[in-house]
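Visitor: okay, here's the prediction I keep looking at, along with the sequence it came from:
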Amino acid sequence: MRSAAAAIVLSFLLSAFWADNQAWKRGRSYRIDLGIIPIGANPNDIDKFAATDCKREDNFSDCSAWDEDGIRYAIFDGAVSVVSAHRKEVSHRLRLPAGMMFGEKIDVSANKAGKFFLVHFDSSKSSDRTVYVSREDVRSSSGRLFALELVGDSQGRLVEVVQRTDF
């Protein structure tokens, strides 16, 4: 009887540990934010960017920037509103959120992203590309909600990841 109770307690503790470990993986092991500055954040330190047309004196209003990994940022009214990474423009060392990889089948990327971000996707296809857009919003590390977009080429391979908010 005592061993059965101990087994139940041990099972409960292990399942709680596993759940915490999965939450830790989602929150820390993989990044939620695509770039060095998250959606909704104010890009106070423009020295973090490799190139930019942003000006402090303009309060970072309506400008764009690129980091050293080739990730693009659109800044509107002093906050990052779009972060995007295109396969042809980013560094080969860039790690995408959720373990996605450029060049893999876009439905595989959508599956990974859906499990990681806990979202579902709507998709649309044309002759030259496939686009998956999250139905639910994701919260960036700055607290801003954003939509996740995955773009595939004509062969259905992931070529771009976009995080976008509408404030």
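Guide: Yep, it's here.

Visitor: quick one: residues in contact with the helix or strand harbouring V83.
Guide: Using DSSP states H and E, V83 falls within strand 79-86. With contact meaning C-beta atoms under 8 Å, 6 or more residues apart in numbering, strand 79-86 is reached by 33-35, 37-43, 60, 69-75, 94, 96, 144, 159-167. C-betas here are computed from N, CA, C, even on glycine.

Visitor: gap between the helix or strand just after it and the chain center?
Guide: Later in the chain than strand 79-86, the nearest helix or strand by DSSP H and E is helix 106-117. Taking C-alpha atoms, centre = their mean, to the nearest Å, one finds the center of helix 106-117 at 11 Å from the center of the full chain.

Visitor: before we move on, the earlier item: return the members of the contacts of strand 79-86 classed as buried.
Guide: Among those, those buried by neighbour count (16 or more other C-beta atoms under 10 Å) are 33-35, 37-41, 43, 60, 69-73, 75, 94, 96, 144, 159-165.

Visitor: now, these that are in strands?
Guide: R72, Y73, I75, V159, E160, V161, V162, Q163, R164 (DSSP state E).

Visitor: helices and strands of the chain: which one bottoms out on pLDDT?
Guide: Least confident helix or strand of the chain, by mean pLDDT, DSSP states H and E, is helix 2-24 with a mean of 45.

Visitor: after that helix comes which helix or strand?
Guide: Assigned by DSSP H and E, the successor of helix 2-24 is strand 51-52.

Visitor: tell me the first helix or strand C-terminal of that next one.
Guide: strand 63-66.

Visitor: contacts for that following strand, please.
Guide: By C-beta under 8 Å, 6+ apart, strand 63-66 touches 43, 46, 49-55, 72-75.

Visitor: next one, pLDDT for S126 please.
Guide: Here, the pLDDT recorded for S126 equals 92.

Visitor: what number of residues lie near it?
Guide: Number of residues near S126 (other C-beta atoms under 10 Å) recorded here: 8.

Visitor: do the one 5 residues further on as well
Guide: The number of residues packed around V131, counting by other C-beta under 10 Å, is 17.

Visitor: I'd like the next helix or strand past the host helix or strand of it.
Guide: Taking DSSP H and E as the criterion, V131 maps to strand 130-134. Counting by DSSP H and E, the element after strand 130-134 in chain order, helix or strand, is strand 138-139.
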